[in-house]
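> Any chance you could fold what I've pasted below:
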Amino acid sequence: MAEFPSKVSTRTSSPAQGAGASVSALRPDLGFVRSSLGALMLLQLVLGLLVWALIADTPYHLYPAYGWVMFVAVFLWLVTIVFFILYLFQLHMKLYMVPWPLVLMIFNVGATVLYITAFITCSAAVELTSLKGTRPYNQRAAASMLGWPRRLQKCLR
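Residues are numbered from 1 along each chain as shown. Next up, the predicted model:
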């Protein structure tokens, strides 16, 4: 059996100087905003904001149908903000184990289904809950028309 060496040398090292700097310094990737995905996400954020702002400005709480439209619009708008921030600051690169293209595809397919149901609900409820030519009628009709192209443009991409 081999003898254990009588003299063992150990070496210690200090962590690299720049190792902690990459975590704390988040810089936005402006190239993402100029890309097609970034531009479509910005459009999605603007149209989503318009949908829920138009509905929120009416007495939607009196009609359960508009509660569903508000839930869909606000929830998907917030999730889109999360995805936009993840991609803007390239945080998706740090979470490399997540299949991001698949996650975005599943989100957009699910959002499309939810927006179609909200569009149908809002369109069907406009005639029943508002008088033609009044401000709430115009806002609700505009909200139902804004929700549809937003999801369609994501599906066609």
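> Any stretches of the chain with poor pLDDT?
1-10, 12-24, 127-131, 138, 144-157 (pLDDT under 70).
> That one: helices as residue ranges?
With helices called from DSSP state H, the chain shows them at 21-24, 30-34, 36-56, 64-88, 91-94, 100-129, 135-156.
> angle of the longest one against helix 36-56?
For helix 100-129 against helix 36-56, the angle between stretch directions is 20 degrees (axes from the mean of the first three to the mean of the last three CA atoms, to 10 degrees).
> Report the buried residues of helix 100-129.
Buried residues in helix 100-129, defined by neighbour count with 16 or more other CB atoms under 10 Å: 104, 107-108, 111-112, 114-116, 118-119, 121-123, 125-126, 129. Using the backbone N, CA and C atoms, a C-beta is placed for each residue, glycine as well.
> and if you look at the fourth one?
Applying a neighbour-count criterion of 16+ other CB under 10 Å, one finds 65-66, 68-70, 72-74, 76-77, 80, 83-84, 86-88 buried in helix 64-88.
> Against His61, how distant is the nearest residue to Leu91 once chain neighbours are set aside?
Distances taken as CB to CB, 6 or more residues apart in numbering place Ile85 nearest to Leu91, at 7.3 Å, with adjacent residues excluded. As judged by CB to CB, to the nearest Å, Ile85 and His61 stand 30 Å apart.
> Ok, Met105 next?
Distance, Met105 to His61, by CB to CB: 34 Å.
> where's the residue nearest the centre of the chain relative to Ala25, distance?
Nearest residue to the geometric centre of the chain (CA atoms, centre = their mean): Thr80, 0.9 Å. According to CB to CB, Thr80 and Ala25 sit 25 Å apart.
> now Leu50
From Leu50 across to Ala25, the span is 34 Å (CB to CB).
> Of those two, give the one with the bigger neighbour count.
The neighbour comparison of Leu50 against Ala25 (other CB atoms under 10 Å) goes to Leu50, with 17 against 8.
> Apart from its neighbours in sequence, what residue is nearest Leu42?
Counting by CB to CB, 6+ apart, the residue nearest Leu42 is Val33, at 7.0 Å.
> Tell me, how many residues neighbour the one you found?
Using other CB under 10 Å, the number of residues around Val33 comes to 15.
> Go ahead and confirm it touches Leu45.
No. Between Val33 and Leu45 there is no contact under CB atoms under 8 Å: 11.4 Å.
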